[in-house]
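Novice: what shape does this take:
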Amino acid sequence: METKSGFVAVLGRPNAGKSTFLNALMGEKLALVSHKANATRKRMNMIVMYKEVQVIFVDTPGIHKQEKLLNQYMLKEAMQAMQDCDLAIFLAPISDKVSFYEEFLELYGDRKHFLLLTKTDSVDKQKLFEKIKEYEKYQDKYLALLPVSCKDKGSLEHALKIIAQEMPNHPYYYDLELLTPNSTKEIAKEFIRESCFENLSDEIPYESDVVLNLYQEKPKLDYIKATIIVHKESQKSVVIGKGGATLKRIGKDAREKIEQLVGRKVFLELFVKVVAGWSKEKESLKKIGYNFED
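Specialist: Model (predicted):
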């Protein structure tokens, strides 16, 4: 039987809801979700089967332009996904200005993509109709405009069906039982970062990252050692909190997420380390796992 399989870049501005959309589509929490912008820093592949079609969605950092080295890496990740994938979908929250989509078109050019109008459950039908009319002047650019809501399984199913139809004839890239080719270690790291976003306010989540020092899988228990990296001593104090309370809270949240993923108990030991200027120096970023091409 001839099979269809392909890669779909999931694109949008920072905090457009790309990871939330993918988690809803999969019915499984794999991608980091935060109400804060620029939470996603690296690409992550998620595999969805639609009937006989294998669709590999590539979650990407939000499209944005900043001078910081880490932000440059994030934009490179999104741009690379645009180049490598068979198709792209651009997520445009219903409340967004059309200018975000216009900026995407400048980067993406005339390659085929779908425009997904998201969070449609937050407006009435009249406002939805008005927003669709705003995008209609670009209808020669996209294959279709698809209104979706993560709360409406019907709209997600319809979008998946339309996307699957565009996949090329190709043998399956991955085993049919696999949800993601990304390792458990990579996902665990993201869950710890997500817990930092949820439990730390202001700029600290953006000034921090996570290094997994050890991940041992045992029959009844996974043992994980990880270090939260920050820029300054003052940030380290905030992450630890009074009597270690904040670090314990971060650890508890992350451990519960990882346990849900792996289906067994997890012992998570967290440390905090100051690496001054880590997000601005290429060598420090490489050590944390951001592989720049020289």
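Novice: quick one, helices of this structure?
Specialist: All helices of the chain, identified by DSSP state H, fall at 18-26, 69-84, 99-108, 125-135, 153-165, 184-199, 233-240, 245-262, 282-288.
Novice: out of those, which gets nearest to residue 51?
Specialist: Taking Cβ to Cβ, helix 153-165 is the member of these nearest to residue 51, at 7.3 Å. Where you see a C-beta, it was placed from the backbone N, CA and C, and this is true even at glycine.
Novice: measure the closest residue to residue 25 other than its chain neighbours to residue 220 for me?
Specialist: Closest residue to residue 25 apart from its sequence neighbours, by Cβ to Cβ, 6 or more residues apart in numbering: residue 156 at 5.5 Å. In this view, residue 156 and residue 220 are 36 Å apart by Cβ to Cβ, to the nearest Å.
Novice: which one of these two has more residues nearby?
Specialist: residue 156 (20 against 6; other Cβ atoms under 10 Å).
Novice: test for you: state the pLDDT assigned to that one.
Specialist: You'll see residue 156 listed with a pLDDT of 92.
Novice: what's near enough to touch it?
Specialist: 24, 25, 148, 149, 150 (Cβ atoms under 8 Å, 6 or more residues apart in numbering).
Novice: kindly report the same for residue 233.
Specialist: By Cβ under 8 Å, 6+ apart, the neighbours of residue 233 are residue 274.
Novice: quick revisit: tell me which two of the contacts of residue 156 sit farthest apart.
Specialist: The two members of these with the most space between them (Cβ to Cβ) are 25 and 149, at 11.9 Å.
Novice: closest to residue 50 out of the helices of the chain?
Specialist: helix 153-165 (4.0 Å).
Novice: now that closest one against helix 18-26, angle please.
Specialist: 90 degrees (axes from the mean of the first three to the mean of the last three Cα atoms, to 10 degrees).
Novice: ok so, going back, which of residue 25 and residue 149 has more neighbours?
Specialist: residue 25 (22 against 18).
Novice: contacts only, for that one.
Specialist: By Cβ under 8 Å, 6+ apart, the neighbours of residue 25 are 46, 48, 57, 156, 160.
Novice: and for residue 7?
Specialist: 45, 56, 58, 84, 85, 86, 87, 173.
Novice: same thing but at 10 Å, please
Specialist: Counting by Cβ atoms under 10 Å, 6 or more residues apart in numbering, residue 7 touches 45, 54-58, 81, 84-88, 167-168, 170, 173.
Novice: of those residues, which is the nearest to residue 195?
Specialist: Among the contacts of residue 7, and counting by Cβ to Cβ, the member closest to residue 195 is residue 45, at 22.4 Å.
Novice: which residues does the closest one bridge with?
Specialist: Residues in a beta bridge with residue 45, per DSSP bridges, are residue 58.
Novice: show me what contacts it?
Specialist: Contacts of residue 45 (Cβ under 10 Å, 6+ apart): 7-8, 30, 56-59, 81, 173-174, 178-182.
Novice: ok, now with 8 Å
Specialist: 7, 56, 57, 58, 59, 180, 181, 182.
Novice: outline the domain layout of the protein.
Specialist: 4-166, 184-288 (the TED database).
Novice: pick out the shakiest of these, pLDDT-wise.
Specialist: Minimum mean pLDDT among the domains of the chain: domain 4-166, a mean of 84.
Novice: could you tell me the end-to-end distance of that domain?
Specialist: For domain 4-166, the first-to-last residue distance is 9 Å (Cα to Cα, to the nearest Å).
Novice: do stretch 174-181 as well
Specialist: Stretch 174-181 end-to-end distance (Cα to Cα) = 8 Å.
Novice: run the chain-centre distance for it.
Specialist: Relative to the centre of its chain, stretch 174-181 is centred 18 Å away, using Cα atoms, centre = their mean, to the nearest Å.
Novice: what residues sit buried inside that stretch?
Specialist: 179, 180 (16 or more other Cβ atoms under 10 Å).
Novice: ok, residues contacting that stretch?
Specialist: 26, 28, 30, 44, 45, 46, 47, 49, 54, 56, 187.
Novice: check the gap between the last one and residue 284 for me.
Specialist: When you say that, I think you mean residue 187. 23 Å.
Novice: count the neighbours of the nearest residue to residue 50 once chain neighbours are set aside for me.
Specialist: Leaving aside its sequence neighbours, residue 50 sits nearest to residue 164 (Cβ to Cβ, 6+ apart; 4.0 Å). Residues within reach of residue 164, counting by other Cβ under 10 Å, total 20.
Novice: next: residue 255.
Specialist: Around residue 255 there are 22 residues (other Cβ under 10 Å).
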